[in-house]
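# This is a predicted model, with the sequence first.
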Amino acid sequence: MEEKPQILDASIFEPPPDAVEFYSRSLGLLNESGVPFLLSGTYALSCFTGIVRPTKDLDVFCKASDAPRILAFFKSRGHVIEVEDERWIGKVWQGPHFFDVIYNISTASIAITDEWFEEVYEVEVYGTTVRITPPTEFLLSKLFLQDRYRYDGADIAHVILKKHDHIDWKRLLNAVELYWEVLLIHVLNFRFIYPTERDLIPRWLFDELLDRLHAQAELPAANIRVCRGRLLSPRDYVTDISEWGFADVVGKGIEERHERKT
């Protein structure tokens, strides 16, 4: 995109007053580090839709190979660093304030790769020009957030509404090849929310997802009872795994024998 960076008035996000200096300095240091990163979350949502929500941190996305570089860089500048979960996230702290260093969509294991950086969307926030997650990648970061405490389906619907022409639908489908039903859920959600805007999602994508659904309906039940609920909410489906005998996304579960119909 050959456009001037959009300028966001950071005050609209109602950050804690004593955190603004930390956010501003952190974004400047991230640029100084030379490590590629993307600012996501509420800031990207606001750029794409104009929707504003209060926020108390920064979501910084990078490749897994670059996360140690960012964390080490901030450690060398006197910050406290933390690897919260080796699978997907670290943190940089200064007193009570922090920002997240995210390199994987944790539950679904969708890594941040070079493809996330192919499109350039820039914003000036806290006095620093940074790149934000492009619309396609923004959707990828939100698809699996569906639990009783946090559901990001509205963010997905709003970005589709406002940025449908900027979404790489084929890349999005390929990225969720194992979990295409989750994409179908959001497609149907959008069609229900905006019945007059259904054609904003390409018809070929809708038809492809329905074809997959019809083909799946012809299959017998699998031998291993699986619950994939923890892809959407790690906390809400623990009972299914620990007490009811379902396999998690990986691992062993109870095998069931289904009688074949003749």
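Okay, I see it. Numbering: from 1, shown residues only.
# contacts, neighbours, all on C-alpha from now
OK.
# quick one: average confidence on the one helix or strand His214 maps to?
Assessed by DSSP states H and E, His214 sits inside helix 203-217. Average pLDDT, helix 203-217: 98.
# what helices or strands is it leaning on?
helix 180-193 (3 or more Cα pairs under 8 Å, 6 or more residues apart in numbering; DSSP states H and E).
# Let's see that with 10 Å instead.
helix 169-175, helix 180-193 (3 or more Cα pairs under 10 Å, 6 or more residues apart in numbering; DSSP states H and E).
# just those: most buried one?
helix 180-193 (a mean of 16; mean count of other Cα atoms under 10 Å).
# What number of residues are in the vicinity of His158?
A count of nearby residues for His158, using other Cα atoms under 10 Å, gives 19.
# Skipping its backbone neighbours, what lies nearest it in space?
Nearest non-adjacent residue to His158, counting by Cα to Cα, 6 or more residues apart in numbering: Thr49, 6.7 Å away.
# Then Pro54?
Closest to Pro54 by Cα to Cα, 6+ apart is Phe13, at 4.4 Å.
# Please name the residues that touch the one you found.
Residues in contact with Phe13, defined by Cα atoms under 10 Å, 6 or more residues apart in numbering, are Thr42, Tyr43, Ser46, Val52, Arg53, Pro54, Thr55, Lys56.
# Out of those, which sit inside helices?
Among those, DSSP state H puts Thr42, Tyr43, Ser46 in helices.
# For the nearest residue to the first one once chain neighbours are set aside, list the residues it contacts.
It refers to Thr42. The shortest distance from Thr42 to any non-neighbouring residue, by Cα to Cα, 6+ apart, is to Arg53 (6.6 Å). Going by Cα under 10 Å, 6+ apart, Arg53 touches Ile12, Phe13, Glu14, Thr42, Tyr43, Leu45, Ser46.
# what about the first one, neighbour count?
When neighbours are counted by other Cα under 10 Å, Ile12 registers 12.
# again, but for the last one
The number of residues packed around Ser46, counting by other Cα under 10 Å, is 17.
# My guess is it contacts Leu39. True?
No. In this structure, Ser46 is not within contact of Leu39 by Cα atoms under 10 Å, at 11.7 Å.
# Torsion angles phi and psi at Lys56?
phi -120, psi 10 (degrees, to the nearest 10).
# Please state the backbone phi and psi of the residue lying closest to it once chain neighbours are set aside?
Computed as Cα to Cα, 6+ apart, the closest residue to Lys56 that is not its neighbour in sequence is Pro15, at 5.6 Å. Here is the backbone geometry of Pro15 (degrees, to the nearest 10): phi -70, psi 150.
# Run a quick neighbour tally on Pro15.
Pro15 has 15 nearby residues by other Cα under 10 Å.
# Show the contacting residues for it.
Residues near Pro15 by Cα under 10 Å, 6+ apart: Tyr23, Pro54, Thr55, Lys56, Asp57.
# for the residues you listed, which one is nearest Asn31?
Nearest to Asn31 out of the contacts of Pro15 is Tyr23 (Cα to Cα; 12.5 Å).
# from memory that closest one sits against Val60, does it?
No. Using Cα under 10 Å, Tyr23 makes no contact with Val60, being 11.3 Å away.
# got the angle for the helix holding His214 vs helix 180-193?
130 degrees (axes from the mean of the first three to the mean of the last three Cα atoms, to 10 degrees).
# joint contacts of Tyr23 and Val60?
Phe99.
# do you know how far the residue nearest to Pro54 is from Ser109?
29 Å (Cα to Cα, to the nearest Å).
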